[in-house]
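[1] Give me a model of this one.
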Amino acid sequence: MLEDESSYRRFSQEACGEVVFHTPGPKKEGVVPWTEEFVQRYGELGALWFMNEDGVVDESSYRHYLETGMFRACWGCHPCPERNREDEKKGSEKETAK
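    Below is the predicted model of the structure:
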């Protein structure tokens, strides 16, 4: 998804309410370490986070998350704080200019 920036922006906006830029990284699998921080900042993970490439939600994994707060996944990217800060700064400059 990172290869198509417009699709990624739509996904991020829907999932987080804002664009959270990511950069490719090594493939990993397991309990997602940032889940609690994400929930505090953006709210509970929605079913979208448990959807495969074909748009099918893994209902079992989603139920497990809802019951335990534990999110297990596979991923090959990580947040890009530098780009997120740049985007936040641009947004602030636009607001100031209004």
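
[2] Please, where are all the strands along this structure?
    With DSSP state E as the criterion, the chain has strands at 22-31, 72-79.

[3] any idea which of those is most buried?
    Across the strands of the chain, the average number of neighbours (mean count of other C-beta atoms under 10 Å) peaks for strand 72-79, which reaches a mean of 13. Glycine gets a C-beta too; all of them are placed from N, C-alpha and C.

[4] quick one, it and strand 22-31 angle?
    Using axes from the mean of the first three to the mean of the last three C-alpha atoms, to 10 degrees, the direction of strand 72-79 lies 150 degrees away from that of strand 22-31.

[5] coming back round to it: between the strands of the chain, which one is nearest to Ser60?
    Ranking those by proximity to Ser60 (C-beta to C-beta) places strand 72-79 first, at 10.9 Å.

[6] Show me what that closest one is packed up against.
    Packing contacts for strand 72-79, counted by 3 or more C-beta pairs under 8 Å, 6 or more residues apart in numbering; DSSP states H and E, involve strand 22-31.
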